[in-house]
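1. This is a predicted model, with the sequence first.
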Amino acid sequence: MYGVLTTASTASHEAHSTDQPLESPRGWENASGFYWALFLDCVATLWLHECHRRANRVYPPCSLMPWSPESKAVLSTAFAGSAMADAPVLDERALAGHDDPALELMQSVFGSLPDIPWFHAPHDGGYPVTTSLHEYVAVRHTRDAQTFADDAALWVGAMTFGLLEAITLARIPQAILVGVHGGRTVLSGRRVLRLIAHWYTRIHHHFPHPDGVAHFRHGRRAAMLLGHALDALEEQRSEDSTANLFRRAGFAREVPLLVVDAIAPAVTLLCVLASATWTTLPQMASLMGRVQGQTRPFQRAAREACMNMMLREGWCPNTISHQFLNTLTHLSILLSLVRLPLSVRTSSIEHADCSKASCILYKVDTYDTYTPRHICADGCCEYVRPPFDEVKRLLDAGVAPAMVYDGEKLRVQPASKNSYVMISHVWADGMGSVTEKGLPTCLIRRISSLAKTLLPELGAFWIDALCIPAAHGPRKHAVKLMVYSYQDAAKVLVMDNSIRTWCSEGATWETNLLYIATSGWMRRVWTLQEGLLANELWFEFAEGPVHVEERILQELRSALLLKPSLAVPSSQVQSSQAPWWTFVREITPMLYLRICRRGAAPGHYRFPLDDVIKLLQLRTMTSPDDEILAISSLLPSRINVDELLSITGEDVAQQRMKAFLLQLGQVPRALLRQSSPRLTLSGFTWAPRTLSATALKSVPGQIGTGLCTGDGFIAEFQVASFKMAIAIPLFLSKDPEGGLKVLISWDCPQASESKHTYYRLQVSEPSPNGTSLASIHSLLFFEASFSGTKIDCIAVCDDLDGSSDTHSSVEQVRSQFRYIGYGSLYRLALPPSTSVARNMPVLEQPEDRRILLR
């Protein structure tokens with residue numbers, strides 16, 4: 001290459017020294033030569049720059065390339081040069097059969113690994129089998145004909161064949177794994193999984209001395225290899241263009257994302273299997289800690305890739321939003337989700353106009369314009385209506401009605417007279433209505449038939465479409481009685497179109513739970529109390545009603561090696577770390593909570609507000625005004641529903657939230673620790689506008705509670721004031737989405753041993769509090785520990801003109817503030833220049849205060 005560049009420099013000099021003007025007859029040729037020389041000069045500059053970077057180690061430290069610091073360190077260790085000349089050569093027999101138990105287990109937990117793009121890197125050709133990724137690259141890297149594209153291809157080879165050969169201690173011919181699929185050359189994900197399954201079986205059953213020295217030496221080497229692989233994945237997923245081999249080679253921006261997203265699941269699977277094989281090695285615990293975390297770049301990449309693949313398939317953006325995928329900490333669950341066939345109601349593009357915030361399919365019209373959906377062939381059967389007067393008479397007497405269908409008409413009886421089935425559904429499925437309108441005969445026949453399956457004697461049932469009138473008075477009574485209707489029902493049956501279509505007794509329970517988790521029923525606010533308050537919760541599958549919780553417990557008994565007839569002890573239910581139970585906890589937290597509380601009467605226990613908020617996440621409702629009504633029955637303190645129902649007029653949702661918090665009294669401080677939209681009512685700008693959009697950033701009960709009063713929120717905080725207030729720029733007040741970012745200096749000895757510690761203060765959606773220009777006077781902290789690199793806080797301004805009407809509620813309050821916004825402090829790795837530091841806002845030492853936040 002040096003010779004080529006020397007020639008290039010000579011050509012450049014000759015082109016520059018020509019005296020012939022460009023406008024001569026041969027000017028175009030001279031111009032072409034000039035630009036060619038200029039191009040070669042640029043290449044020479046780039047070459048010299050690259051030589052300087054490699055010679056001075058100005059290169060990503062974890063790179064697999066031979067000139068990186070880590071490569072040089074690895075190649076100089078005892079493992080280097082230990083290529084296995086006598087390594088066995090694998091063939092098709094090294095791929096596990098389709099009925100192999102290990103393969104079936106891996107497929108049930110991890111799904112099918114994705115295909116990996118192959119860039120034709122040199123793999124076969126007499127190269128030795130190496131024991132490290134860096135050595136795999138080093139023995140194949142040629143200095144005289146190597147491009148950045150070749151480097152990227154070689155990286156893929158090292159992360160696939162190199163890693164697999166070093167783990168399995170065998171030579172793997174390229175033809176076993178590489179093939180053409182869909183017109184692209186790829187490493188078959190299915191074949192990689194079969195190879196890994198065969199290796200796992202062999203190392204567990206065929207090693208003569210699994211506790212021997214060689215076995216543990218292999219384990220330590222595997223831990224080192226997989227650690228290097230995780231480093232390499234994170235490096236190529238970073239935005240640093242100098243670290244990203246694919247970006248340097250000129251590939252499109254999405255190429256490295258696709259490659260990393262395809263390789264990450266296989267590396268994760270190897271980490272899990274290696275940890276299960278060498279359980280006593282301390283290196284494996286550290287390895288699993290990296291794999292299970294959510295903050296790693298390749299973990300974020302996997303979630304992003306899963307979401308993009310599902311969006312391309314036609315999934316609703318609201319269903320597979322970041323908020324939902326971030327709750328899934330295990331990559332295996334993500335892979336299972338991706339392989340799920342799309343649940344379609346009407347067409348594959350029905351979610352084209354949906355957003356991450358909401359799904360248009362669940363934005364139904366009011367009952368004035370809503371039309372139930374027939375399920376009969378001709379779609380025009382007559383409606384059946386219950387006797388309105390009988391329904392009204394029972395409701396006026398404070399008694400919930402129940403329906404019995406005799407094949408021709410509906411008979412109304414008190415719900416308390418006999419056992420009955422409560423029907424839980426979403427209106428988007430076409431089963432909504434009111435007492436006065438009734439439902440099509442075809443729907444009533446189906447509902448009655450299912451109720452008789454569960455309660456053969458009479459088949460009485462309750463459904464809102466028949467038992468809640470449109471008339472204001474009876475409707476108000478019916479809404480108040482809904483809580484008791486669900487508590488007193490013998491069984492609650494969930495009827496959801498997607499669950500009925502896709503869930504089956506013949507399918508795996510992982511698949512069934514995934515469809516339940518992504519169903520419309522799991523995404524509505526009203527259905528939360530309907531599910532939690534049920535004595536027995538049943539789901540309509542393709543075959544009919546199924547008691548899902550009992551099926552989950554059967555799987556848990558199997559995981560705990562208990563006899564089918566034995567009950568699972570409650571202590572083992574809550575503490576079990578079985579993969580199946582972890583799956584249930586992450587994908588269906590409501591069912592997990594119900595199973596953990598088995599034995600307690602559902603109608604007699606209540607839930608901490610923290611738990612209710614976590615269960616409300618991702619749920620939506622057509623009328624936000626009713627959100628508080630829909631959860632009031634779940635909370636520890638009995639909420640006065642009559643008072644909430646009596647609130648009408650403008651801002652009814654905000655007024656109900658205010659009344660709800662005042663009734664609640666003790667409110668978790670965690671409500672302030674998130675950035676959802678806030679109330680605009682005086683004294684309540686700290687309170688969230690809706691609980692379903694609130695994403696708690698704390699473990700329930702971890703950071704205590706405060707007292708909600710008519711004056712505001714009273715609680716203990718660590719308070720640190722600025723020596724000079726930070727003004728919020730006018731453009732941020734007008735456009736709060738931009739957020740506020742400012743560098744500050746903190747004279748807090750607890751934060752660092754040095755006198756000054758420097759941070760970036762970031763406040764999301766700062767509220768101007770009704771003024772065109774607000775200022776931040778202080779920061780409120782939830783805890784007295786300031787040792788982390790990120791510290792959560794609340795930005796506030798002094799409430800100089802605030803006055804309290806209820807003096808008794810603010811006794812012992814030392815300070816009054818107005819809420820500005822939720823924020824975080826990020827510690828700077830390096831101190832700023834002296835000139836910048838001199839002009840930074842200075843935060844004083846914090847002190848514990850009882851404050852009133854308005």
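-> Great, that's in hand. Numbering: from 1, shown residues only.
2. and L528, what does it touch?
-> If a contact means CB atoms under 8 Å, 6 or more residues apart in numbering, then L528 has M590, V612, L615, L616, R619, A630, I631, L634 as its contacts. Glycine gets a C-beta too; all of them are placed from N, C-alpha and C.
3. farthest pair in these?
-> Largest separation among those by CB to CB: M590 and A630, giving 14.0 Å.
4. pLDDT weak spots in the stretch 151-300 of the chain?
-> Along the stretch 151-300 of the chain, segments meeting pLDDT under 70 span 205-211, 238-243, 292-300.
5. switch to 80 and redo it
-> Within the stretch 151-300 of the chain, the stretches with pLDDT under 80 are 182, 204-212, 234-245, 247-249, 253-254, 257-258, 261, 288-300.
6. In the stretch 151-300 of the chain, what residue spans correspond to helices?
-> 163-168, 174-177, 189-205, 213-237, 245-248, 254-277, 282-292, 297-313 (DSSP state H, counting those that start in this stretch).
7. what's the closest of those to R818?
-> That would be helix 297-313 among those, by CB to CB, at 35.6 Å.
8. could you give the mean pLDDT of the host helix or strand of T582?
-> For T582, the element it lies in under DSSP states H and E is helix 579-587. In this model, helix 579-587 has a mean pLDDT of 77.
9. Which helix or strand lies directly C-terminal to that helix?
-> For helix 579-587, the following helix or strand on the C-terminal side (DSSP H and E) is helix 589-596.
10. when you compare where that next one runs with where helix 579-587 runs, what's the angle?
-> Angle, helix 589-596 to helix 579-587, by axes from the mean of the first three to the mean of the last three CA atoms, to 10 degrees: 130 degrees.
11. Could you count how many residues lie near the closest residue to K491 other than its chain neighbours?
-> Spatial nearest neighbour of K491, excluding adjacent residues (CB to CB, 6 or more residues apart in numbering): E536 at 4.5 Å. If you count neighbours by other CB atoms under 10 Å, E536 ends up with 15.
12. what's the answer for the one 3 residues further on, then?
-> Using other CB under 10 Å, F539 has 25 neighbouring residues.
13. which residues does it contact?
-> Going by CB under 8 Å, 6+ apart, F539 touches L493, V494, D496, I499, C503, I516, P545, V546, V548.
14. Please report phi then psi for it.
-> F539 adopts backbone torsions of phi -120, psi 140, taken as degrees, to the nearest 10.
15. Name all residues that make contact with the nearest residue to it once chain neighbours are set aside.
-> In space, and not counting its chain neighbours, F539 is closest to V494: 4.7 Å by CB to CB, 6+ apart. Counting by CB under 8 Å, 6+ apart, V494 makes contact with S424, H425, W521, T527, G531, L537, W538, F539, E540.
16. Next one: V494 from I820, what distance?
-> Distance of V494 to I820, given as CB to CB, to the nearest Å: 43 Å.
17. pLDDT of stretch 537-544, averaged?
-> Mean pLDDT, stretch 537-544: 95.
18. on that earlier part again, could the contacts of F539 be laid out in a markdown table, adding distance to D353 and secondary structure?
-> Putting the contacts of F539 into a markdown table (distance: CB to CB, whole Å; DSSP: H, G, I helix; E, B strand; the rest coil) gives the following:
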| residue | distance to D353 | secondary structure |
| --- | --- | --- |
| L493 | 32 | strand |
| V494 | 27 | strand |
| D496 | 22 | coil |
| I499 | 24 | helix |
| C503 | 27 | coil |
| I516 | 25 | helix |
| P545 | 34 | strand |
| V546 | 33 | strand |
| V548 | 32 | helix |
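19. Who has more neighbours out of M590 and A630?
-> Neighbour count, other CB under 10 Å: between M590 and A630, A630 has more, with 23 against 16.
20. Just name whatever secondary elements the helix or strand that contains the more buried one is in contact with.
-> Element membership for A630 (DSSP H and E) is helix 627-631. Using 3 or more CB pairs under 8 Å, 6 or more residues apart in numbering; DSSP states H and E, the elements in contact with helix 627-631 are helix 526-532, helix 641-646, helix 652-664.
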